[in-house]
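Q: got a structure for you, letters missing:
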């Protein structure tokens, strides 16, 4: 019953079938030749509910709902399509995340045939004449879904290629950099900014103090009380203190103090006992071993640049590494990493 030009038999798998006097359905999984990138497969369920039944009752309803919920958990990236003759039953009340796409009458002015899916605006339904002696009108479903790739506006990105002259250009730039001047210049600017910040904070505090004191000099009684409330941090009266409120600080103290362990003193290793150090030749040799095809870290520096400019960068990095060993402290930027979890299939 499946068009081979859309999906061949090798990519069709029967998942579940059920037949009873009140409910019949068949569920298959298809992996067609062409499929939107956001969907891994299509799970189709054909349903038939006999006319006497208005709802899926009892165990049949539980079985059908649990089946769809289980399949959604197993195949979270699949597209689900549930279609068939529902008569007067309605799947929307049981599965609110599904959308019904047939809005035209299929028999006697009523919509008895439904088509549900887990994505909005999937199809546009058009009524067609019934087949031969069938008592239901046929429905033509025209795909109206737009792929996410087409929904998003195209973006332009500029990519710079690493040419043969890039290595020599970058080496020449690092070779003429005055690292000592850069460090001293940055420290001077940092001290100036720190001084300006402290000065601005003191000035803001002085202005706030003058504002509060001015409320006592005038005849504004309301402003005076507002000033007192601001100074004393006085707020509205709270409810009477209960026994639970009195015991709350002790319970919080015991809760957070359980993480402390005073048996082991936190002592910092003496810096004078550290005899480990690196040389510029060792750092340069390590940089030249870096794999140029590895992705860059959080700093965005490509590994190819470290390898190409190993001799030019070895000196400044040697000073950083030795200072880190001497002070027994690792810079924060060295502790950052980009971690990409790669799922692995369970071994059979």
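A: It's in. Bear in mind that the values here come from a model prediction, so they are computed numbers and not experimental data. Residues are numbered from 1 along each chain as shown.
Q: before we move on, which element is residue 168 in?
A: Using DSSP states H and E, residue 168 maps to helix 164-175.
Q: if you average pLDDT over that helix, what comes out?
A: Helix 164-175 shows a mean pLDDT of 81.
Q: What helices and strands are in contact with that helix?
A: Applying 3 or more C-beta pairs under 8 Å, 6 or more residues apart in numbering; DSSP states H and E, we find helix 164-175 packed against helix 303-308, helix 310-327. All C-beta spots, glycine's among them, are computed from the backbone N, C-alpha and C.
Q: So which of the ones you listed is the most surrounded?
A: Among these, helix 303-308 has the highest mean neighbour count (mean count of other C-beta atoms under 10 Å), at a mean of 18.
Q: Now do it: everything it contacts.
A: For helix 303-308, contacts defined as C-beta atoms under 8 Å, 6 or more residues apart in numbering pick out 162, 166-167, 170-171, 287-296, 313.
Q: tell me which residues of the helix holding residue 168 are tucked away?
A: For helix 164-175, the neighbour count (16 or more other C-beta atoms under 10 Å) marks 170-171, 174 as buried.
Q: relative to helix 310-327, how tilted is the following helix or strand past that helix?
A: Following helix 164-175 in sequence order, the next helix or strand is helix 179-217 (DSSP H and E). Angle between the axes of helix 179-217 and helix 310-327 is 50 degrees (criterion: axes from the mean of the first three to the mean of the last three C-alpha atoms, to 10 degrees).
Q: Pull out the buried positions in stretch 100-108.
A: Residues of stretch 100-108 classed as buried: 100-102, 106 (neighbour count, 16+ other C-beta under 10 Å).
Q: Equivalent analysis for stretch 128-146, please.
A: 137, 139, 145.
Q: who's in contact with the last one?
A: The reference is to residue 145. Contact partners of residue 145, counting by C-beta under 8 Å, 6+ apart, are 36, 119, 121-123.
Q: again, only using 6 Å
A: The contact partners of residue 145, by C-beta atoms under 6 Å, 6 or more residues apart in numbering, come to residue 122.
Q: helix/strand/coil for it?
A: Of the three states, residue 145 takes coil under DSSP: H, G, I helix; E, B strand; the rest coil.
Q: Quick check: it vs residue 79, distance?
A: 9 Å (C-beta to C-beta, to the nearest Å).
Q: cool, the first one as well?
A: As judged by C-beta to C-beta, residue 137 and residue 79 stand 25 Å apart.
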